[in-house]
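Fold the following, please.
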Amino acid sequence: MSCASCGSNGTPNGCKNNGTCSSGGCNKLEVYNWLSNMALPGGQTPYDILEIRFKNSRKGFFKNVKNLSLQVGDVVVVEGAPGKDVGVVSIVGELTRIQVKKKSPNFKPSEARKIIRIAEQEDIDKWIKARSLEKEVMYKSRTLAVNLGLEMKISDVEYQADLTKAIFYYTAEGRVDFRQLIKDMADEFKIRIEMRQIGARQEASRLGGIGSCGRELCCSTWLTDFRSVSTSAARYQQLSLNPQKLAGQCGKLKCCLNYELDMYLDAIKAFPKGDLKLQTEKGTAIHIKTDVFKRQMSYAYEGEFNAGLIPLNPDRVREIIRMNKEGKKPYDLTDFMEVVEEKEPDYTNVVGQDSLNRFEHIFKKKKKRPNKKRKSQGGGKGPQNKQGGGPTKKSNKNNRNRNNRKRPTENQKNNNENSK
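Residues are numbered from 1 along each chain as shown. Model prediction:
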């Protein structure tokens, strides 16, 4: 059974609440209640406004007029506009008061819609049925929009739990006249139609996905406010202006470019301006790049960019700029370079780590020693040569040595017989 709270495919990891995300398997804009273990002062009543989460990133604040005992993860029936809807409790207690001030500063508790009751099994079954109809309705609505020639993209559909209303989320470049589309969809689906235009970032937040970093999209898990991102954020961080690498799933610049921007802006204040040229007797040097982490500014002489970059410390750059203002010119920038000696690591080998080839002697094969056994000297029994199958060169040599031996004379034979 799919997750009925966010519409993701498959059962969330560890989901034990009839297909909802109350156990933290989905992580759709979840909020950690860091005030849950703090007791209220004596005589103070709990805050009666609760935050309810619906499909994907849609949330709303509702009033607990019946003082129901609700906890995070409970499925409740709330008032719709019009009708009834089913959602999941995401925040309770004093943390909701902080969220109301942060997200809805003009929120009026007297005008808040009410929580009717805790959802029963019949309400949950009807809620899951509504979720199962959304995919087919979205495809049909896209077909109706194409037939009318509307330049819009319907990215998501959210049914109300009582099956009386559906919200269609769409993206478009400009203004779209969809009055005829609403009539056609009302005749086709027999429900109340509500159209909501969202941006590219909101579309990526609702649909979700995996970023180039290998993690889920920030906008679909925890990021709630979408700040504008400019290309200057990439320039300050010395990033290449490659739109394929800087753009996210939504086609816009990645929101994470703003995460470390403040730190870079503070660090760059300690560097002199890079638009100043350094005058030397050897020539004029131009600033090429700045390495914030190494605290280095790289320069190159005009017309000698292939000769390599000259890294300088910001303090040394200020010294050269001060000399130029006084009318002095140093001979060469290399005189101001700092030689950095590479230090060997001071740790000791306490684990017993040796070189990677320390086991090679085990796997080396032993060299074959020559066979010292007596070899047969016969032509047919000895080793055969490659051409004719006769004796080898070594056996022929032995035969020649045996034939060249001197034969004994007749006198020697007689002496031998007498000695016997």
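
all helices for this structure, in order.
94-103, 121-147, 179-189, 200-207, 218-221, 231-236, 243-246, 261-268, 314-325, 360-363, 393-403, 410-419 (DSSP state H).

Columns distance to Met337 on top of those helices, output as JSON lines?
(Glycine included, C-beta is placed from N, CA and C.) Output for the helices of the chain, formatted as JSON lines (distance: least, Cβ to Cβ, whole Å):
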{"stretch": "helix 94-103", "distance to Met337": "51"}
{"stretch": "helix 121-147", "distance to Met337": "63"}
{"stretch": "helix 179-189", "distance to Met337": "68"}
{"stretch": "helix 200-207", "distance to Met337": "46"}
{"stretch": "helix 218-221", "distance to Met337": "41"}
{"stretch": "helix 231-236", "distance to Met337": "26"}
{"stretch": "helix 243-246", "distance to Met337": "32"}
{"stretch": "helix 261-268", "distance to Met337": "22"}
{"stretch": "helix 314-325", "distance to Met337": "8"}
{"stretch": "helix 360-363", "distance to Met337": "43"}
{"stretch": "helix 393-403", "distance to Met337": "71"}
{"stretch": "helix 410-419", "distance to Met337": "98"}
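
Let me know which of those helices is the nearest to Val75.
helix 121-147 (6.3 Å; Cβ to Cβ).

in the closest one, what's buried?
The neighbour-count check on helix 121-147 (16 or more other Cβ atoms under 10 Å) flags 123-124, 126-128, 130-131, 137-138, 140-142, 144-145 as buried.

just stretch 277-292 next, same as before
278-280, 285, 287, 290, 292.

what's the closest of the helices of the chain to Leu29?
Among the helices of the chain, helix 218-221 comes nearest to Leu29, with 6.8 Å by Cβ to Cβ.

And the contacts of that closest one?
Contact with helix 218-221 is made by 27-30, 56-57, 201, 204-209, 211, 226, 255-256, as judged by Cβ atoms under 8 Å, 6 or more residues apart in numbering.

Name only those of those that count as buried.
28-29, 56-57, 201, 204-208, 211, 226, 255-256.

Pick the one among those closest to Gly80.
Closest approach between the buried ones among the contacts of helix 218-221 and Gly80, by Cβ to Cβ: Asn56, at 16.9 Å.

how close does that closest one get to Glu203?
Separation of Asn56 from Glu203 (Cβ to Cβ, to the nearest Å) stands at 10 Å.

next one: Leu150
Distance of Leu150 to Glu203, given as Cβ to Cβ: 17 Å.

what ranges of the stretch 1-150 of the chain fall below the confidence cut-off?
Low-confidence segments of the stretch 1-150 of the chain (pLDDT under 70): 1-28.

For it, which segments are assigned as strands?
Counting by DSSP state E, counting those that start in this stretch, the stretch 1-150 of the chain has these strands, from start to end: 49-53, 59-63, 75-79, 84-91, 113-118.

now the angle from the longest one to strand 75-79?
This points to strand 84-91. In terms of direction (axes from the mean of the first three to the mean of the last three Cα atoms, to 10 degrees), strand 84-91 departs from strand 75-79 by 120 degrees.

Using CSV, write out every CA atom in strand 84-91.
Taking C-alpha atoms only, strand 84-91 is exported to CSV below (Å, rounded to 0.1, in the frame of the first residue of the first chain):
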residue,chain,number,x,y,z
LYS,A,84,-14.3,17.6,4.7
ASP,A,85,-10.7,16.5,4.3
VAL,A,86,-8.3,14.1,6.0
GLY,A,87,-4.8,15.0,7.1
VAL,A,88,-2.0,14.0,9.5
VAL,A,89,-1.0,15.9,12.6
SER,A,90,2.5,17.2,12.1
ILE,A,91,3.0,19.6,15.1
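
Quick one: work out the angle between it and strand 59-63.
Strand 84-91 and strand 59-63 are oriented at 90 degrees to each other (the same axes, to 10 degrees).

And the contacts of strand 84-91?
So strand 84-91 is contacted by 5, 20-22, 29-31, 33, 50-54, 59-60, 70-79, 99, 116, 119, 123-124, 126-127, 160-162 (Cβ under 8 Å, 6+ apart).

again, but for stretch 275-294
Stretch 275-294 has contacts (Cβ under 8 Å, 6+ apart) with 238, 264, 267-268, 271, 274, 296-304, 309-311, 317, 320-321, 324, 329-333.

buried subset of those?
Buried, going by 16+ other Cβ under 10 Å: 271, 274, 296-301, 310-311, 317, 320-321, 324, 330, 333, out of the contacts of stretch 275-294.

Out of these, list just those in strands.
Judged by DSSP state E, these include 296-301, 310-311 as members of strands.

Dump those residues to a markdown table, plus distance to Ala112 and pLDDT.
Formatted as a markdown table, those follow (distance: Cβ to Cβ, whole Å; pLDDT from 0 to 100):
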| residue | distance to Ala112 | pLDDT |
| --- | --- | --- |
| Gln296 | 57 | 89 |
| Met297 | 57 | 90 |
| Ser298 | 59 | 89 |
| Tyr299 | 62 | 90 |
| Ala300 | 64 | 90 |
| Tyr301 | 69 | 89 |
| Ile310 | 65 | 88 |
| Pro311 | 61 | 89 |
